[in-house]
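Novice: need the 3D shape of this:
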Amino acid sequence: MRIGIIGTGVMGAFHAQCLHAQVSGATVTAVADPDPERAGAAAAAIGAIALSDPHELIAHPEVDAVLIASPDFLHAEQTLACIAAGKPTLCEKPLSYSVDEAERVVAAHRAAVGEGGSRGRAASEGATGAVATAAHGAPRGAGIPLVHQGFMRRFDPDYVAQKRAVASGAHGRPVMVRSVGRGVSSGPGATDESVIFNSAIHDLDLVPWLLDSPVTEVSWHAPAAPSATGGGLRDPFLLLLRTADGALSTVEIFLNARYGYDMRCEVVCETGAVAITEPHRLAVSSALTTSTGIPDDFRPRFAEAYRLELQEWVTALNEGRAPALATVEDGATATRVAAAAVASMRAGGAFAPVAQAGGAR
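Specialist: Predicted structure coming up:
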């Protein structure tokens, strides 16, 4: 499977290296980035061609499938272009900051492939051939979505084991999820809204996935005096999520915690709790002290999750089956939950209902 990657920043370069060195059945043939120096460096490292125009990459005859890792505000537009070209796409989160825009992507995808992911005659017999037949692989059958969303925590071995333990029912009904996400520092240009759509959105997908129940309403809260490390952000903040099963969950986001990248999650059930604590891979004992290292970003913690996600995507495309990844509908759902969180923030923390597909509440 010949992959083209749009965006060669931290995320795009990480994906390029992972696909090149750790994923079988894939070759990164092209990368696109408006920064020619950055694109050239990423391409040279893996033997790909460097382009500046993402639309040129999407249309390129040596690209069978596209991975979108560009800035957030470009995701929906570029996903729509991939749908129009009939090329399988893995879009990094978020799908969009706009519910309306996310719904347009879902509608375009449905028009291209049919209800439930089944593609119509026009899509399966398009000029590119990428939809009908996987490159050097099996024919792509009906019922296979074109677009998938990059929620990699669904592939993290710890979260997978946690979901399995909860779903077993051995500990009774889940009543609460506590998800914590802390980082060293926020990215340049971060706003209170973008932190929800770019960072908290992982948790807004994770909680309903763990509980197998959709979020119905959201409430946003923050300390009266934000952390001095926040650079003007209301950081940290807490989200309360109510899901359709009656559970109440919390999501803590603290992007400027400074001490390290720290992800934790606990599902509290009626007769037990299933927790993921931040793993320490190395402990050093010396001079009457034991110390452990903490990663400074997402790569050490979630490298394996990304690899597993990419491998499943590539393998499924080569075999002509539906990848077991989050769907474009999942991406739109997360956008609706994030939009409700922003609405709550602007309303001083009042619970805000999550709009359903098509605008219903």
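Novice: for stretch 27-38, the distance to its chain's centre please.
Specialist: Distance, stretch centre to chain centre, for stretch 27-38: 21 Å (Cα atoms, centre = their mean, to the nearest Å).
Novice: and the helix or strand hosting Ile3, average pLDDT?
Specialist: Here Ile3 is covered by strand 2-6, with elements defined by DSSP states H and E. Mean pLDDT, strand 2-6: 98.
Novice: again, but for stretch 188-208
Specialist: Averaging pLDDT along stretch 188-208 gives 97.
Novice: start and end of it, how far apart?
Specialist: Stretch 188-208 has an end-to-end distance of 29 Å (Cα to Cα, to the nearest Å).
Novice: low-confidence ranges, the stretch 201-350 of the chain, go.
Specialist: For the stretch 201-350 of the chain, applying pLDDT under 70 flags the ranges 279-280.
Novice: what segments of it are helices?
Specialist: 201-211, 298-319, 328-346 (DSSP state H, counting those that start in this stretch).
Novice: of all the residues in the last one, which ones are buried?
Specialist: Neighbour-count burial for helix 328-346, with 16 or more other Cβ atoms under 10 Å as criterion, is recorded at 328-345. Heads up, the C-betas are built off the backbone N, CA and C, glycines and all.
Novice: rewinding a little: could you dump the helices of the stretch 201-350 of the chain to a markdown table with distance to Ala112?
Specialist: Shown next, in a markdown table, are those (distance: least, Cβ to Cβ, whole Å):
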| stretch | distance to Ala112 |
| --- | --- |
| helix 201-211 | 23 |
| helix 298-319 | 16 |
| helix 328-346 | 11 |
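Novice: so which of the ones you listed gets nearest His75?
Specialist: helix 328-346 (8.7 Å; Cβ to Cβ).
Novice: and that closest one, what other elements does it pack with?
Specialist: Counting contacts by 3 or more Cβ pairs under 8 Å, 6 or more residues apart in numbering; DSSP states H and E, helix 328-346 packs against helix 99-113, strand 147-150, helix 192-195, helix 201-211, strand 215-221, strand 237-243, strand 352-353.
Novice: please identify which of the ones you listed is closest to Gly293.
Specialist: Closest to Gly293 of the helices and strands packed on helix 328-346 is helix 201-211 (Cβ to Cβ; 22.8 Å).
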